[in-house]
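Asker: take this sequence and fold it.
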Amino acid sequence: MGGQGFDSAAGQPVQPAVGQASTQAPGVVPALSGDIEAVRFATVLFADIVGSTRLISVLDPEDARDVLDSTISLIRQAIHDFDGMVVRVQGDGVMAVFGVHPAVEDHPLRAALAACAIVERMRTGPSGILPAPRARVGLHSGPILLRRQDNDFGSILDVVGHATHVAGQIERLAPPASVAISATTVSLIAEHCELQPLGTIASEIDQRGEAVFELTALDFAAGDRIPVKGNATSPLIGRDVQLEAIKAMVSRQDGAALGILGEAGMGKSRLLLEGARVSAGTGVTVLVVRGNALLAPVPFGCLAAPVRYTMELLQPLVADVPAAAALTADQAACLDGLLGNSQTWLAHLPPGDRNRIATQTILKLFRLATGHMPLVLLVDDGQYLDRESLSVLVGIREGRIMPMLMAGRPEARESLQRCCDEVLELAALPPAAARSLVAMINRFAPLDDVIVDRILERAQGLPLALQEFAVNAQGEEDGEVAELSIRIPARLEALLGARLASLDDDATRLCQLCAALGPAFPLGRLQQGAALVCRNPASAINHLVEARVIEFAVANQARFTHQLVQEAAYRTMPRRRRTMMHAKALEMLGAQQPGEGEAASHAELATHVEKAGLPQRALAHLWDASQQALSLAAIDSVRQLYLRAREMAARLDPAAAAVERARFSLLAFDTLQQLSQEQITREDMALLAEGTVDMGPGIRTVARINMALLDWIDGAPQTGQAWLARAEADLDAHDSLPRRTYADLVGAYLAYSQTRPAEAISRIEGLGNRLDDGQRGSTFGAIVVIPHVLARAFGAWYLTDLGNIAKARSWVAEALNLSRRYAHDYSRLLADLAHGYLHYREGRLERALGILRGAYADCLRHHFLGFEPASASWLALTLIELGRLREAEAVLTESVERGHFLKVRTSATYYLHEARARLAMAQGKVVEAADLAAEALEHCRSCGEAMHELHALVLCREVEAQTGMAVWGAQEVPTADLVRRIDELGIEALQRKLVAIESRIA
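Answerer: Model (predicted):
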């Protein structure tokens, strides 16, 4: 800017000199990058001439044209004075954008200053008519798409996006001769804004709407009365060392100078605010110097406000300040000029002499002030200080005039080292401190753990990001967690967008390719990518490093300096550019020869192929990635890959989509069952089972068995029995050992739940007899579970209840040996659960406790959530028997909060209800015990679990015997009938309990 539009003494907006009007035509593309199309975070300005229709109607057409032209020219000039770009002039309206060219971080401030200038200049400028035309101006900041448009008049710049629509709405809310500004834009302006509320407009971005204010004043000079721009609404956590250093500096009053260095959003201004608070608490007066990009070209521009404030402090104490400060005649003239906003003091002297006189004047003034009161100088945004102001700060340090706390970004490192005795560099907050910060911000409305984990993952210890994400998440609903991963708060987007927009063409292309690769990538890919998309690869890499976009990590890895930088870089690409960059990445990775660095995974290739617009090829890579994940028992990865496959398949024609979804559902079914998410495959599995999607008779049989299993898990065993009958009819025609084994396993589940225990045991015995020793460890397609272990584990559970302890022990031993021999974590979990249950039923509680506690830990560690209700319940039942009620309550409470029992409606879930009822009985909570026993009974009846309905009825009898309260629903079955049914089925565990109940009653 060269100072244009500013008073060099006061740092205030001034009228431009005559003849300085810009020659840039509205909408004509200026000297921008050849690749102009980009998504930018910018501030949009709409200005409208109020009453122009009336003016045109009463004036001669040529006079009306002249008035409109001169008024539009005045508006354009005000926009250009603050480096805005006029995008469009339509009749009596002007649209402009700030932050595009130049790509400055302070575009909201520039737009606000331009808006105020428009209103003021139209009020005072010559228009040739009375009353003078008035303007209405609206401002809003947000993402916009910058693009080049060609028409018959040439190439013009166009801006589209939600932010432009909002800015237009805001402009219509502004009263005549005023500026309306959005809350988003206000939040991005550090300077003091005087505001009056105008209302709220609807926003697609925020359900709460966008608040709108009238901007009545924007005051640079108010900076001396505003401590700093730091946000005090969030707690200061993880900065104890820096805070102690600040306290020591203020208390000593020995003129020490402390520097705080850190990236944007690292909490520098927050520490300055703490410095102001500490000073105020000890009776020390604070002077504030704040660097500003608009004032950076203005000598001493950022010192004008603290100089005036110092004079206000001294005037009640000193009759003649110039004399008391021992100012020379030239220095007194300089002081008068600084205080009077004059640019002409000692105008006859050369600039070097004027600067020297001003430096000595300010230093003498500050030295006089410290003689009358304790002072501390807080300096913010040191990277924007002009050279002359820096010389004053160096003088303050060398003369030990007053303590000084100075903050700046990494580009201000040299300046801080010149001005400070010690420079402390801020690092990201460690995970524990980051979690504490989020918890403190949301202490009155705690966030879900899933949202907190997502915040910590994305923020990566950046305090501003933690604060913004935590505050924004306060209004999130459970179903909106995904939205949290999409949005970048405005303050962060403004900071990151400015850094990225400052890159040249080569560096921008390389940055975009890296953004497509992800937050981190091998160094070799950075070099290959640079050679692929840059004219000067080495220069582009150096530029990204110097701009603190990319950094080098250990083990030949490169990465973005922060994940949010990568996210912002990816967001700035329009869709077509993203497609192209993923195609470039695919080209690079596909050309990679064996031994040339780290090979790309199938999942990574699938991402690039998908983003390049080739969903069918992407599904092929996802298939390979899913098989690889299954072979490694990476069940979380399989789930994610399956969900991605469903999304990709949706882009194909319906028939092809159905086939792809069906085959992926078959591949992922076993894994999803372990995560209690198997029901999402039901629609695709049904198409296979019915033959609508035909992948051969063998696959159709497997799908029918899967449907039987889905129904059993979902609490519909009779429907499942029908599916199993169809599958077994298939097997009678075309037998297959793996499929027959699978059918017998599911058949055992269904038979036992429907009170056919003999059939269940027979199926399991037959299953084992068909498998020789070499086959018993086979997976038969279920990659992460051995069906033989699964059968023996469930069979041991059944046998334990039926009182056949000898065979139960044998089957448990067989399951344990196989699961350990083949090192299958999921198979071992099942064997351990059966082992622990056997000890629990036999009364060996301490032995059961150790086994079940380990099984429960393994279940959670490996995310085997399908068996989480059973592992939690059996552990809790053992703890209750041992009298460890507090621990049992913690286990059950956590299990209920996880909610997996709502997705698995089998006998395993029954035990969670039983454990809760038994805990309530042990705690003496009579009513709660009765309610939970009734809930257990209702669960078994609602999901067709007839075998465990008997368990629930016995539980109800126990509650009635112990509490004297009748349990709702239990009286429908007479005790005699209950005893008869239990005896017929031979459920020894329940027989023993009935005997104990009778003894208690007697």
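
Asker: now do the same contact list for Val926.
Answerer: By CB atoms under 8 Å, 6 or more residues apart in numbering, the residues touching Val926 are 920, 963-965. C-betas here are computed from N, CA, C, even on glycine.

Asker: identify the farthest-apart pair in these.
Answerer: Greatest spatial distance among the contacts of Val926 (CB to CB): Ala920 and Gly964, at 14.6 Å.

Asker: ok, the two, which is more surrounded?
Answerer: Ala920 (21 against 9; other CB atoms under 10 Å).

Asker: contacts only, for that one.
Answerer: Neighbours of Ala920 in contact, by CB under 8 Å, 6+ apart: 926, 928-929, 932.

Asker: identify the residue nearest it in space, chain neighbours excluded?
Answerer: In space, and not counting its chain neighbours, Ala920 is closest to Ala929: 3.8 Å by CB to CB, 6 or more residues apart in numbering.

Asker: just to revisit the earlier point, ok, of the contacts of Ala920, which one's closest to Leu272?
Answerer: Glu928 (54.2 Å).

Asker: for the helix or strand harbouring that closest one, buried residues please.
Answerer: Assigned by DSSP states H and E, Glu928 belongs to helix 926-942. Along helix 926-942, these residues count as buried under the neighbour rule (16 or more other CB atoms under 10 Å): 929-937, 939-941.

Asker: next: stretch 364-382.
Answerer: 364-370, 375-382.

Asker: what about it, start to end distance?
Answerer: Stretch 364-382 has its terminal residues 22 Å apart, counting by CA to CA, to the nearest Å.

Asker: what do you get for stretch 539-553?
Answerer: End to end - CA to CA - stretch 539-553 spans 19 Å.

Asker: can you give me how far that stretch is from the chain middle?
Answerer: 25 Å (CA atoms, centre = their mean, to the nearest Å).

Asker: give me the contacts around that stretch.
Answerer: 263, 410, 499-500, 502-504, 506-507, 509-511, 514, 520, 523, 526-527, 530, 534, 558-561, 565, 569.

Asker: which of the residues you listed fall in helices?
Answerer: 499-500, 506-507, 509-511, 514, 523, 526-527, 530, 565, 569 (DSSP state H).

Asker: what sits against Met406?
Answerer: 257-260, 378-379, 382, 393, 416, 419-420.

Asker: Leu845: which of those residues is nearest?
Answerer: Minimum distance to Leu845 across these is 58.7 Å, recorded for Ile260 (CB to CB).

Asker: so where do the helices sit in the stretch 501-650 of the chain?
Answerer: Counting by DSSP state H, counting those that start in this stretch, one finds helices in the stretch 501-650 of the chain at the ranges 505-517, 523-533, 537-546, 563-571, 575-590, 602-611, 615-631, 635-649.

Asker: want to throw those helices into CSV with mean neighbour count?
Answerer: Formatted as CSV, the helices of the stretch 501-650 of the chain follow (neighbours: other CB atoms under 10 Å):
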stretch, mean neighbour count
helix 505-517, 24
helix 523-533, 20
helix 537-546, 18
helix 563-571, 22
helix 575-590, 18
helix 602-611, 22
helix 615-631, 20
helix 635-649, 20
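
Asker: tabulate those helices (CSV), appending mean pLDDT.
Answerer: Shown next, in CSV, are the helices of the stretch 501-650 of the chain (pLDDT from 0 to 100):
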stretch, mean pLDDT
helix 505-517, 93
helix 523-533, 92
helix 537-546, 94
helix 563-571, 90
helix 575-590, 90
helix 602-611, 88
helix 615-631, 85
helix 635-649, 86
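
Asker: how about these in CSV, adding distance to Tyr822?
Answerer: Output for the helices of the stretch 501-650 of the chain, formatted as CSV (distance: least, CB to CB, whole Å):
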stretch, distance to Tyr822
helix 505-517, 37
helix 523-533, 37
helix 537-546, 48
helix 563-571, 39
helix 575-590, 35
helix 602-611, 25
helix 615-631, 13
helix 635-649, 17
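
Asker: can you say which of the ones you listed is nearest to Cys956?
Answerer: helix 635-649 (37.3 Å).

Asker: for the closest one, packing partners?
Answerer: On a contact count with 3 or more CB pairs under 8 Å, 6 or more residues apart in numbering; DSSP states H and E, helix 635-649 meets helix 602-611, helix 615-631, helix 654-674.

Asker: helices or strands up against the second one?
Answerer: So that's helix 615-631. Using 3+ CB pairs under 8 Å, 6+ apart, helix 615-631 is in contact with helix 602-611, helix 635-649, helix 654-674.

Asker: can you rerun that using 6 Å?
Answerer: helix 602-611, helix 635-649 (3 or more CB pairs under 6 Å, 6 or more residues apart in numbering; DSSP states H and E).

Asker: same question, the last one
Answerer: Counting contacts by 3+ CB pairs under 6 Å, 6+ apart, helix 654-674 packs against helix 635-649, helix 682-690.
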